[in-house]
Structures are given as C-alpha cells and as structure tokens.
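Q: Below is the sequence, then the predicted model.
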Amino acid sequence: MFKFLRGASHVRSAALGAALLAMTACANAWTTKPVRVVVPAVAGGTMDVVARALADQLARDVGVPFIVDNKRGAGGNVAVGSLLGAPADGQTIMIAIDNILTEIPHVIKPNFSVFKDIKPVAAFARSSLVLVANTGLPAKDLNGLIAYLRTHPQQNTFASYAVGSASHYAGLMIGARAGINLQHVPFLGSPPALVQIMGGQTPFMFDGIATSLPLIRGGKLNALAVISPTRLPALPDVPTMAELGYPEISFSNLAVVITPAGVPPEVVAKIRAAVQKAAAAAPVQKRLADFGLEPVQPQSIEALEKIEKDGFERIDKIIKEFKVDLN
C-alpha cells in the first residue's frame, strides 16, 4: 500500500511538473499561432527578400509559420493600413525600411500618425547609400566627378530613385557644396534610374547599396563614395563621404520591425528578443551581407524612436533649407 501511494505521488509530481513547464513555456513564448508579416514592397524586391530571410529564421526559432504579405502602394500607407487593421496583439507585424517613418511622410500625406499609431520595436540591419557613376566618365573619384560636371554643364544632372528620398537630398547637397547647379532627374525606383546611369543619359546618383552592388561588382557602375560612418565591408576600397570632406552628407536607412502602438509591452519585449536572435543567425547574416547590408547592435525602443524622430526632423530641415518642391 505504501509503495502504491508513493508511486502515485511520483506520478502526480511528474504531471504537476510537466504542467508547470508547459505553463512556463507558454508564458515565455511569443505566439502559438501563425504570424502575418506585412511588407510594403513588391515580392522579389530587396526589402521583400530581406524580410523573408528574417521571417524564415523567426519561423524556425519560434516554431510557427511567419507568412509574408506584400502590401505595396501609397508610400507605405496601404501596408500600414493593413497593419493597423489587425488586432494589436503581435500576430501581425511589419518589416520595412525606416524611410517609411522619416522620409515618405514628407512627400505623401500618411493616413496614420507616424509616431503615435505605429512603433518601431527593433532594428536589425543598416542600408547605406553609394555614389555610383557611369563607367564611361573620365572621373574615377569624387573630385574627378565634380571637375567633370564643372566643365560639362550639359551633363549637370543627377538621378534619384524617388522625389523626397535620401537619394534626392544627397544629390542636392553635393551640388550645393560643390557650387554646381545640378538638375534633379527623379525616377520611380532604383532600376530605371540605374539604367539611365549605365546608359550615360545621367552621369551619377546616390543609390541604396543593395541595388547597386551587383552592378558595381559586374563592372557596370563605378562606385565613387559611400555614405556610411565607416567603409563598407562589401566595398572596402571605396572611401566614405566623410573621408572625402563631406561629413554633412550623412544618410542611411534601417531595416526595422514595426508593430501597432497598442501591442502590450510584454509582447513587444518578446518580439524584440525573437527578432534580435533571428537577426544574429548565420543564414540571415549571410543574406544581409549578400546585399551589402550591415548588422546593427540592439538598442532600446526609446533609442530607436529617437533615431527615427531625429531623422524625420532632419529631413524637414533639409526640405526647408533647399526649398524642395515635393510636388
């Protein structure tokens, strides 16, 4: 009888222990249901590929599907509208480039409050700009490009991948600093702009590293400078704008995970921990490096929000300083 009771006690203890472990696992888990990942970009584009790399790793780490939902349109308004239309429970997140917070709202009126309705909760990569030029130009460095533009006024143009983008503002700033009246030629995205650069219709542009890097490596574009605090691992021989004496031309974009502002803090903390773990995984690091993106150190939500607000305000000052007509 004693042996039976002792055995029963062991069974009950084991069951209780298993139940407690299950409860603890549930409490520590982000989710037990599929997560929808809204991406404000077309399938197959750089942002989509980067988002899918992170989402795939998150799925492996968390143990549930992460389903990418591409919602391009209206400068991110469509994607944010879809994000905010879902319950604020962490089951719908967004992976985006942070120009959706700092640049685009100056160009396209958002249908949401940028710093009240949504919250950047984790940054996992940095995308820098690179100054690329037509390979047929005699200029092989920035000083050579400026000298060429001064002596060839008919070529005093620069391309950008969008009006009101860092690509646009960096071009304005280099023209002002060099004392050259440059004509801005905007495009809808990098690919058509780069076609013009390679074709010689426009001599140069500042482009995101991800879209220009394959063309630089293929010898179809010359990289003259990068906008980055330090030289990029993908282009170690290309100097920074600061090295060349232009520290004020400083732009970069962060790849960030965004949630609705109403997601509970404890859920946000779990999302952040999962994102930081996934971003550090070797497959994600390799994918980022393939596109020339750099990893970033984890920072607090407050620090990340300050980065975004400072970026928004800086763009506002540039627009006013250069009297940019965004229409």
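A: Yep, it's here.
Q: Hmm, A261 and D117 touching each other?
A: Yes: using C-beta atoms under 8 Å, D117 is in contact with A261, at 5.6 Å. Just so you know, the C-beta spots here come from the backbone N, C-alpha and C atoms, and that holds for glycine as well.
Q: Just the pLDDT at the nearest residue in space to L129 that is not next to it in sequence, thanks.
A: Once flanking residues are discounted, L129 sits nearest to I227: 4.2 Å by C-beta to C-beta, 6 or more residues apart in numbering. With respect to pLDDT, I227 scores 96.
Q: looking at the sheet around T92, what are its partners?
A: R36 (DSSP bridges).
Q: ok, how many other residues are close to the closest residue in space to S165 that isn't next to it in sequence?
A: Excluding its sequence neighbours, the residue lying closest to S165 (C-beta to C-beta, 6+ apart) is E103, at 5.7 Å. The number of residues packed near E103 is 24, by other C-beta atoms under 10 Å.
Q: any low-confidence regions in this structure?
A: Low-confidence segments of the chain (pLDDT under 70): 1-29, 327.
Q: one more time with 80
A: 1-29, 45, 327 (pLDDT under 80).
Q: host element of D310?
A: helix 301-321 (DSSP states H and E).
Q: buried sites along that helix?
A: Residues L304, E305, I307, E308, G311, F312, I315, I318, I319 are the ones in helix 301-321 that count as buried (16 or more other C-beta atoms under 10 Å).
Q: Switch these over to JSON lines; also include distance to A162.
A: Output for the buried residues of helix 301-321, formatted as JSON lines (distance: C-beta to C-beta, whole Å):
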{"residue": "L304", "distance to A162": "24"}
{"residue": "E305", "distance to A162": "24"}
{"residue": "I307", "distance to A162": "21"}
{"residue": "E308", "distance to A162": "19"}
{"residue": "G311", "distance to A162": "16"}
{"residue": "F312", "distance to A162": "16"}
{"residue": "I315", "distance to A162": "13"}
{"residue": "I318", "distance to A162": "15"}
{"residue": "I319", "distance to A162": "14"}
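Q: of these, closest to A166?
A: Ranked by distance to A166 (C-beta to C-beta), the buried residues of helix 301-321 are led by I315 at 8.2 Å.
Q: gap between the closest one and A274?
A: 31 Å (C-beta to C-beta, to the nearest Å).
Q: cool, and M205?
A: Taking C-beta to C-beta, one finds M205 at 37 Å from A274.
Q: Those two: who's more crowded?
A: Taking other C-beta under 10 Å, M205 and A274 do not tie; M205 has more neighbours (30 against 22).
Q: Looks like S160 contacts A193 (just checking).
A: Yes: counting by C-beta under 8 Å, S160 touches A193, with 6.7 Å between them.
Q: Identify the contacts common to those two.
A: Common neighbours of S160 and A193, using C-beta atoms under 8 Å, 6 or more residues apart in numbering, are S167, V185, F187, M205.
Q: Narrow those residues to those in strands?
A: Residues of the shared contacts of S160 and A193 located in strands (DSSP state E): V185, M205.
Q: Could I get the full set of helices for the protein?
A: Taking DSSP state H, the helices of the chain run over residues 2-28, 46-62, 77-84, 99-102, 104-107, 142-151, 166-178, 190-199, 209-217, 265-279, 282-290, 301-321.
Q: Walk me through the domains of this structure.
A: Following automatic domain parsing, one finds the domains of the chain at 33-127+252-321, 128-227.
Q: ok so, going back, and the two most separated of the shared contacts of S160 and A193?
A: Every pair of the shared contacts of S160 and A193 checked by C-beta to C-beta; the farthest is S167 and V185, at 11.0 Å.
Q: higher neighbour count, those two?
A: Neighbour tally, S167 and V185, criterion other C-beta under 10 Å: the higher count belongs to S167, 25 against 15.
Q: D207 versus the more buried one, what's the distance?
A: 6 Å.
Q: who touches both of these two?
A: L129, Y161, A193.
Q: list the contacts for the last one?
A: Okay, so that is A193. A159, S160, Y161, S167, V185, F187, T202, M205, D207.
Q: I'd like to know how many residues surround the second one.
A: The reference is to S160. 24.
Q: ok, what's across the strand from it?
A: Residues in beta-bridge contact with S160 (DSSP bridges): P186.
Q: picking that back up, what sits against the residue nearest to S165?
A: Counting by C-beta under 8 Å, 6+ apart, E103 has contacts G164, S165, A166, G311, I315.
Q: likewise V238?
A: V130, A223, L224, A225, V226, R231, L232.
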